[in-house]
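Participant: sequence unknown, structure follows:
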């Protein structure tokens, strides 16, 4: 089966439309010409008949009867020749074929001039008068058929000319259709070429919109798609590079420690074993965080939601970190307005609070402070966690929830962590239909604002 592309389909559609309009116009013009030309012939014949009747009236008044016609066969031609010399109508038209088209009869319908054929029923009669009375008639055929050879030749010439015009019009329609279809499809072909490059992995391709119509909007959407794919590809590469770097650091430490033990440089003391265990713990946490993020991204992370007292979970989390904050001489303050109920996964909320506290602990200078405020409004439960220096710029606050993002100026790798904690927090909040964002804190550090909707789980039916 032959497959026709969109170019052929569009070409055929435009050309078929042009041909339909062309054929309709050609057919209409031909009908209009035939109708108008026959009407012109009838009107011309009637005018000839009137002039001939006037001339015969003058002759009849001179002779007093029809003997000037019956006794002289050439008299009618002399009268017609005189009319031709004095009339513009006869000068513009040939007299060839005139005799078969008219008859002269008396009041008794006796044929005086004309063919012996029967006078047609469809005819025009012009009276010949004498002394206020009708003495005869000039009869002209008014048939819808063209009978005069000159008229037939003229009609054939016009028909031939119309076919030539139709042929040129068809050729012009072909050229115009080709140019129009190519112009319409040029942006589509650019989109097709761009799509092929995009499918081949070239995400830098862009298509310049050439119009403001649907094709132009499609080109803009294509560029947005390519930009998104290019950004995602760059993020994927950065993600892999960051993972490699994060894994390389603890693995390098482990390898160095083990090689030192193997070479006898270091002894397998309790301190050495603790150092190895610390690196293994760091590596394990990184792998667990990556696994958690991958599950969240593909929607496989399970959430067992139930009615939970969120303030109680927050108090437990803060209590678990009091000692570590105290070791670093950081003041940890918690302010709870009320203990509201949320429909949430308690384990994930605990993980959310612990990650936020861990982030603040790692990136707050000694002798600093971390203040946590929890309250509720009409629609949601709000958590504000803010700490002291070092701080972030407004631009840096927009990226803190990205994976492996660190601010090299202050909150860097020297503070530890994998750079995945806040990314996990973002996914947990999003899974609970909440919002989370970061901004600069009045204390000099960073403020994280979390909103979680109040309990909306369905009520159980009672039997």
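Facilitator: Cool, the structure landed. All values derive from a computational prediction rather than experimental measurement.
Participant: now do the helices in the stretch 251-400 of the chain.
Facilitator: With DSSP state H, counting those that start in this stretch as the criterion, the stretch 251-400 of the chain has helices at 270-297, 310-327, 346-362, 394-397.
Participant: deepest of those, which one?
Facilitator: helix 346-362 (a mean of 20; mean count of other Cβ atoms under 10 Å). Just so you know, the C-beta spots here come from the backbone N, C-alpha and C atoms, and that holds for glycine as well.
Participant: sorry, back to before: make JSON lines out of the helices of the stretch 251-400 of the chain and add distance to residue 378 and mean pLDDT.
Facilitator: Rendered in JSON lines, the data for the helices of the stretch 251-400 of the chain read as follows (distance: least, Cβ to Cβ, whole Å; pLDDT from 0 to 100):
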{"stretch": "helix 270-297", "distance to residue 378": "29", "mean pLDDT": "76"}
{"stretch": "helix 310-327", "distance to residue 378": "16", "mean pLDDT": "90"}
{"stretch": "helix 346-362", "distance to residue 378": "21", "mean pLDDT": "89"}
{"stretch": "helix 394-397", "distance to residue 378": "27", "mean pLDDT": "86"}
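Participant: could you dump those to JSON lines with distance to residue 452?
Facilitator: Below are the helices of the stretch 251-400 of the chain laid out as JSON lines (distance: least, Cβ to Cβ, whole Å):
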{"stretch": "helix 270-297", "distance to residue 452": "17"}
{"stretch": "helix 310-327", "distance to residue 452": "7"}
{"stretch": "helix 346-362", "distance to residue 452": "8"}
{"stretch": "helix 394-397", "distance to residue 452": "20"}
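Participant: of all those, which lies closest to residue 425?
Facilitator: helix 346-362 (5.0 Å; Cβ to Cβ).
Participant: which residues touch the residue nearest to the spatial centre of the chain?
Facilitator: The chain has residue 214 as the residue nearest its centroid, 3.3 Å off, counting by Cα atoms, centre = their mean. Not one residue lies near residue 214 by Cβ atoms under 8 Å, 6 or more residues apart in numbering.
Participant: so who does the spatially closest residue to residue 332 that is not a sequence neighbour touch?
Facilitator: In this structure, residue 332 finds its nearest non-sequential neighbour in residue 325, 4.2 Å apart by Cβ to Cβ, 6 or more residues apart in numbering. Applying Cβ under 8 Å, 6+ apart to residue 325 gives the contacts 331-332, 361, 370.
Participant: how is the chain divided into domains?
Facilitator: What the TED database lists as the domains of the chain is 1-89+99-202, 214-297, 305-409+418-453.
Participant: CSV please, covering these and showing distance to residue 208.
Facilitator: CSV is the format used below for the domains of the chain (distance: least, Cβ to Cβ, whole Å):
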stretch, distance to residue 208
domain 1-89+99-202, 8
domain 214-297, 7
domain 305-409+418-453, 30
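Participant: which of those sits most buried?
Facilitator: domain 305-409+418-453 (a mean of 18).
Participant: do you know how far residue 372 is from residue 342?
Facilitator: Residue 372 sits 17 Å away from residue 342, going by Cβ to Cβ, to the nearest Å.
Participant: just to revisit the earlier point, any idea how far the residue nearest to residue 332 lies from residue 357?
Facilitator: Following Cβ to Cβ, the distance that separates residue 325 from residue 357 is 8 Å.
Participant: same deal with residue 194?
Facilitator: In this view, residue 194 and residue 357 are 48 Å apart by Cβ to Cβ.
Participant: about what we covered before: any residues in contact with both of residue 325 and residue 357?
Facilitator: Residues touching both residue 325 and residue 357 by Cβ under 8 Å, 6+ apart: residue 370.
Participant: and the gap between residue 344 and residue 369?
Facilitator: Taking Cβ to Cβ, one finds residue 344 at 28 Å from residue 369.
Participant: again with residue 57
Facilitator: Taking Cβ to Cβ, one finds residue 57 at 130 Å from residue 369.
Participant: same thing with residue 337?
Facilitator: 20 Å.
Participant: again, but for residue 307
Facilitator: 33 Å.
Participant: and what of residue 191?
Facilitator: 57 Å.
Participant: try residue 215
Facilitator: Distance of residue 215 to residue 369, computed by Cβ to Cβ: 59 Å.
Participant: likewise residue 65?
Facilitator: 142 Å.
Participant: what of residue 429?
Facilitator: Between residue 429 and residue 369 the computed distance is 24 Å (Cβ to Cβ).
Participant: element containing the spatially closest residue to residue 173 that is not a sequence neighbour?
Facilitator: In space, and not counting its chain neighbours, residue 173 is closest to residue 18: 3.9 Å by Cβ to Cβ, 6+ apart. Residue 18 belongs to helix 6-63 when assigned by DSSP states H and E.
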